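# Can you look at this prediction? I've put the sequence above it.
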Amino acid sequence: MRLSRVPLIEIKTPGQIALMREAGLVVARMLRATAAAAEPGISTAELDAIAESEMRAAGARSSFKGYHGYPATICTSLNEQIVHGIPSRSVTLAAGDVLSIDAGAIVGGWHGDAAITVAVGAVPAEVTSLLQACERAMWQGLTAAVAGAHLTDVSHAIGSSAVTGGYGVVREYTGHFIGSQMHMEPAVPSFGKPGRGPVLAPGMALAIEPMLVLPQPGSSGNWVPRTRLLDDGWTVVTADGSLAAHFEHTVAITADGPWVLTAEDGGAGGLGLTGIRGADARGPAATAAGRR
Ligand code: MF3
Ligand code: CO
């Protein structure tokens with residue numbers, strides 16, 4: 001998409017952001033429950049069932065099921081799979097696997113969307129580093145999601161963090177704005193030059209989702225990983241079979257800084273790691289009041 005064609009970005013009211021926060025907390029619970037169950041022997045279809053029952057217990061609806069015909073409540077992307085893996089009864093986790101779990105939920109018509117990548121059992125140190133680098137790149141992007149910044153300031157923050165570690169950044173799949181629909185324009189790339197695209201303003205919400213690939217021996221720092229779509233029409237894999245990681249959070253732009261709607265603590269912990277004070281679990285207005 002050309003960022004120069006400025007799309008109309010949905011501005012949410014505080015009440016609508018509050019519904020997105022509720023959806024975000026449902027997504028957080030879906031991810032917490034499925035990550036805890038991601039042990040050797042469980043199938044990805046069983047993880048999907050766990051996520052669905054968490055979602056239903058909260059009275060929420062799925063953002064994913066039925067989206068362009070997508071058949072499940074979560075995406076489960078294993079090892080060289082980058083995103084949009086479909087849960088299956090015939091895919092069973094084994095020690096050493098790396099699993100991306102992506103979940104979305106709707107509360108009162110408003111969406112939340114987040115993903116984590118977890119190691120199943122013990123994995124080599126370079127794999128742990130990949131997961132940490134992907135999560136760190138996401139938090140760098142979230143930290144840059146402030147009113148007055150340009151959209152690609154977020155992209156640049158994500159991409160420069162990832163490239164510093166020598167990881168490949170997937171370009172064909174991006175983050176997105178979010179609100180009354182899961183995927184809204186414009187796209188939020190995880191790479192690129194800063195200072196371009198629309199200016200972020202309070203009431204906007206975006207899903208920041210870097211996908212990082214472990215470099216092959218000998219690959220250079222600005223290596224761009226290639227992707228391939230499997231015959232199921234959904235699952236995206238690295239073309240060369242390299243291991244991939246994926247983290248995602250939905251963040252609201254507020255006058256008091258980024259509010260990470262899909263983080264149980266509102267992002268306070270992760271944003272703190274990168275050096276700024278964000279909104280806490282009570283929400284940005286309450287946080288700001290507490291600081292006075
Ligand atoms: N979080 C995913 C994304 O933004 C959403 C999965 S799309 C679905 O790409 F179709 F699989 F639901
Ligand atoms: Co998303």
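Arrived safely. Ligands and ions are numbered 1, 2, ... in the order given.

# going forward, measure contacts between C-alpha atoms and count neighbours the same way
Will do.

# In three-state terms, label Leu206 for me.
strand (DSSP: H, G, I helix; E, B strand; the rest coil).

# Counting neighbours, what do you get for the closest residue in space to it that isn't next to it in sequence?
Leaving aside its chain neighbours, Leu206 sits nearest to Phe177 (4.0 Å; criterion: C-alpha to C-alpha, 6 or more residues apart in numbering). The tally of other residues near Phe177 (other C-alpha atoms under 10 Å) stands at 23.

# Return the set of residues that bridge with Phe177.
Met184, Leu206 (DSSP bridges).

# Hmm, Gly203 and it touching each other?
No: in this structure, Phe177 is not within contact of Gly203 by C-alpha atoms under 8 Å, at 11.4 Å.

# who's in contact with the residue nearest to His246 when sequence neighbours are not counted?
Closest residue to His246 apart from its sequence neighbours, by C-alpha to C-alpha, 6+ apart: Met211 at 4.4 Å. Contacts were defined as C-alpha atoms under 8 Å, 6 or more residues apart in numbering; by that measure Met211 touches Ile82, Cys134, Val169, Val170, Ser190, Ala244, Ala245, His246, Phe247.

# Equivalent analysis for Leu214, please.
Val127, Leu130, Tyr167, Gly168, Ser242, Leu243, Ala244.

# hmm, try it at 7 Å
Listed by C-alpha atoms under 7 Å, 6 or more residues apart in numbering, the contact partners of Leu214 are Leu130, Tyr167, Gly168, Ser242, Leu243, Ala244.

# next one: Val146
Taking C-alpha under 7 Å, 6+ apart, one finds Leu200, Ile253, Gly257, Pro258 in contact with Val146.

# Just give me the closest of the contacts of Leu214 to ligand 1.
Ranked by distance to ligand 1 (C-alpha to the nearest ligand atom), the contacts of Leu214 are led by Ala244 at 14.8 Å.

# Skipping adjacent residues, who's closest to that closest one in space?
Val213 (4.4 Å).

# Could you pull up phi and psi at that neighbour?
Backbone torsions of Val213, given as degrees, to the nearest 10, read phi -120, psi 140.

# Tell me the predicted confidence for it.
Looking at Val213, its pLDDT reads 97.

# and it, how many neighbours?
Close neighbours of Val213, defined as other C-alpha under 10 Å, add up to 28.

# again with Glu185
Quick note: Glu185 (other C-alpha under 10 Å) scores 17 neighbours.

# Would you mind stating the distance between the closest residue to it other than its chain neighbours and ligand 1?
Spatial nearest neighbour of Glu185, excluding adjacent residues (C-alpha to C-alpha, 6+ apart): Phe177 at 5.8 Å. For Phe177, the distance to ligand 1 (C-alpha to the nearest ligand atom, to the nearest Å) stands at 9 Å.

# where does the stretch 1-150 of the chain come near ligand 1, residue by residue?
Counting by C-alpha under 6 Å from any ligand atom, the stretch 1-150 of the chain comes close to ligand 1 at Phe64, Tyr67, Tyr70, Cys75, His84, Asp102, Asp113.

# Now with 5 Å, please.
Counting by C-alpha under 5 Å from any ligand atom, the stretch 1-150 of the chain comes close to ligand 1 at Phe64.

# Tell me which residues touch whichever residue of the stretch 1-150 of the chain sits closest to ligand 1, please.
At 3.3 Å from ligand 1, Phe64 is the closest residue in the stretch 1-150 of the chain, using C-alpha to the nearest ligand atom. By C-alpha under 7 Å, 6+ apart, Phe64 lies in contact with Tyr70, Ala72, Thr73, Ile74, Gly104.

# try Gln181
His111.

# How about Phe177?
Here Phe177 is in contact with His183, Met184, Glu185, Pro186, Ala187, Ala205, Leu206, Ala207 (C-alpha under 7 Å, 6+ apart).
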